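J.: below: sequence and its predicted model.
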Amino acid sequence: MADDGEALAQLTSREQEVNSLLQARKHGEALQKALEAPPFECKDEAVKESSYQVVSKVVDVIKDDELKTTVLSLTPEVCDVLMKYVYKGLSLPDNNGKLLTLHGILVGKAGQGCVLRAMTDIKRKAN
């Protein structure tokens, strides 16, 4: 497990790579990169929030008609990570319909287990 400073450094580097991929219109690769090494174990809430913002930015850029194809290219493990970010986004007052669409696509690809793994992991972290 990386310490908070290391997690922040990884996030900063990852965000720069994501921005480059987005500029090159490589949305699928940008999403993969944004979901790498999530700071779920980090104690610094600002790092976690910044990581969510990176993922959210990528999801917002992906066109609705490309979303399913992009998600279908993800591994089951990465789908689990993305589902955790979906629930994070849905917990915020500014959530949107795109997150609900993304939730449905993730369940279609990874099954109900994806939901259960995200929910139980979130509950464990809260305790």
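T.: Looks like it arrived, so ask away. Remember, it's a predicted structure, so these values are computed and weren't measured experimentally. Residues are numbered from 1 along each chain as shown.

J.: which element is the nearest residue to C114 once chain neighbours are set aside on?
T.: Counting by C-beta to C-beta, 6 or more residues apart in numbering, C114 lies nearest to M83, which is 5.0 Å off, once chain neighbours are set aside. Yep, even glycine has a C-beta here, placed from its N, CA and C like the rest. Using DSSP states H and E, M83 falls within helix 76-90.

J.: which SSE is immediately downstream of that helix?
T.: Per DSSP H and E, the first helix or strand lying C-terminal to helix 76-90 is helix 97-110.

J.: contacts made by that next one with the rest, please.
T.: By C-beta atoms under 8 Å, 6 or more residues apart in numbering, the surrounding residues in contact with helix 97-110 are 59-60, 64, 67-68, 71-72, 74, 76, 79-80, 82-83, 86, 89-90, 114-115.

J.: now with 10 Å, please.
T.: Helix 97-110 has contacts (C-beta atoms under 10 Å, 6 or more residues apart in numbering) with 56, 59-60, 62, 64, 67-80, 82-83, 85-90, 92, 96, 113-115, 117-118.

J.: give the rounded mean pLDDT of it.
T.: Per-residue pLDDT over helix 97-110 has a mean of 94.

J.: and it, what's buried?
T.: Within helix 97-110, the residues scored as buried using 16 or more other C-beta atoms under 10 Å are 98-99, 101-103, 105-106, 109-110.
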